[in-house]
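Engineer: can you look at this prediction? I've put the sequence above it.
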Amino acid sequence: MSQIRIPTPLRKFTGGMDEVPGSGNTLRAVLENLESQHAGIRKQICDSNGELRRFVNVFINEEDARYLAGLDSEIKEGDVISIIPAIAGGTKNRPGE
Amino acid sequence: MLRMGEIHLAEVSAHVTSRYPDEACGLLIGNASGARREVRRVVAAKNLNRERSRDRYEMDPSDFRRADADAARAGTEVVGIYHSHPDHPCLPSAFDQERAWEGYSYLILSVSARGLDEFRSWILRDGTFRDEGVEIPAHNKQYEVKGR
């Protein structure tokens, strides 16, 4: 069993819970199981091709899954999977410009 | 409504003014109750956008992950994001809005060579940023405020 950290914007899918148990030996399997427990959350994390969305980062413990094996990354007992929203912005292109 | 102590504003101000004229960003850690978010700690983060650091920020996700883990251990959570607008008003840009997430306060600080000019906090609701107001309890004797 792993732990999944849920960011604030996705807690509406987990009944407000900031952490839920994960089940599966790969990140892909864990996300599929997460979807079975909390319908609708997977498409917030993965695109229509099933790949991780550009504006979402997933960490396995302290490592970015993209630098591991992506969705095929191995998940071990006790791993912490953190779903991290990509935070960006900037000064230019104000409305009306 | 975003509620924060003068010490938190001073910390944020010191961070963003030290990075001027580049954009700087960080996290607001605290507790949320309904539409009210109370800041208990601020955490500076790295801006990974090197090419356009004068008008763009891209927060290092490792900094977010670490802050989120630390916050959870302390019984708190990430309640907001702060970033600076060097030589621009503290109004959200179209790009800010496009890349924002619901559920967080977005504190934007206008900075110039003079230092911190003004700040406002915004929340995204139905795809549009709204000014949520910032409450800073006055005369907070608990802290020694510097750099404001």
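Structural biologist: Perfect, I can see it now. Residues are numbered from 1 along each chain as shown, chains lettered A, B, ... in the order given.
Engineer: bridged to A:Val80, which residues?
Structural biologist: A:Gln3 (DSSP bridges).
Engineer: isn't it up against A:Ile6?
Structural biologist: No: between A:Val80 and A:Ile6 there is no contact under CB atoms under 8 Å: 11.8 Å. All C-beta spots, glycine's among them, are computed from the backbone N, C-alpha and C.
Engineer: okay, those two: which has more neighbours?
Structural biologist: Remark: of A:Val80 and A:Ile6, A:Ile6 carries more neighbours, 21 against 17, as counted by other CB atoms under 10 Å in any protein chain shown.
Engineer: can you name the residues that contact the closest residue to that one other than its chain neighbours?
Structural biologist: With sequence-adjacent residues excluded and distances taken as CB to CB, 6 or more residues apart in numbering or on different chains, A:Ile6 is closest to A:Thr14, at 5.1 Å. Counting by CB atoms under 8 Å, 6 or more residues apart in numbering or on different chains, A:Thr14 touches A:6, A:20, A:38, A:41.
Engineer: give me phi/psi at residue 63?
Structural biologist: Chain wasn't specified; assuming chain A. When read as degrees, to the nearest 10, the backbone of A:Glu63 gives phi -110, psi 140.
Engineer: spell out which parts of chain A neighbour chain B.
Structural biologist: With the criterion set to CB under 8 Å from any CB of the partner chain, chain A comes near chain B through A:5, A:7-9, A:11, A:18-19, A:55, A:57, A:59, A:62, A:64, A:80, A:82, A:84-95, A:97.
Engineer: hmm, which of the residues you listed are the buried ones?
Structural biologist: Buried members of those, scored by 16 or more other CB atoms under 10 Å in any protein chain shown, are A:5, A:7-9, A:11, A:18, A:57, A:59, A:64, A:80, A:82, A:84-85, A:87-92, A:94.
Engineer: from the residues you listed, which land in strands?
Structural biologist: In strands, defined here by DSSP state E, the members of those are A:5, A:57, A:59, A:64, A:80, A:82, A:84-85, A:88-89.
Engineer: among those residues, which two are most distant?
Structural biologist: Maximum pairwise distance in those, criterion CB to CB, is 27.4 Å, between A:Val80 and A:Gly89.
Engineer: for the longest helix seen in chain A, name the packing helices and strands.
Structural biologist: In chain A, with assignment by DSSP state H, the single longest helix is helix A:27-37. The contact analysis (3 or more CB pairs under 8 Å, 6 or more residues apart in numbering or on different chains; DSSP states H and E) places helix A:27-37 against strand A:2-5, strand A:19-22, helix A:42-45.
Engineer: buried set for that helix?
Structural biologist: A:27-28, A:30-35.
Engineer: secondary structure class for the most centrally placed residue in chain B?
Structural biologist: Closest to where the C-alpha atoms of chain B average out (CA atoms, centre = their mean) is B:Tyr82, at 1.7 Å. With DSSP: H, G, I helix; E, B strand; the rest coil as the basis, B:Tyr82 sits in strand.
Engineer: now it. Nearest residue, chain neighbours left out?
Structural biologist: Per CB to CB, 6+ apart, closest to B:Tyr82 is B:Leu107, 4.0 Å.
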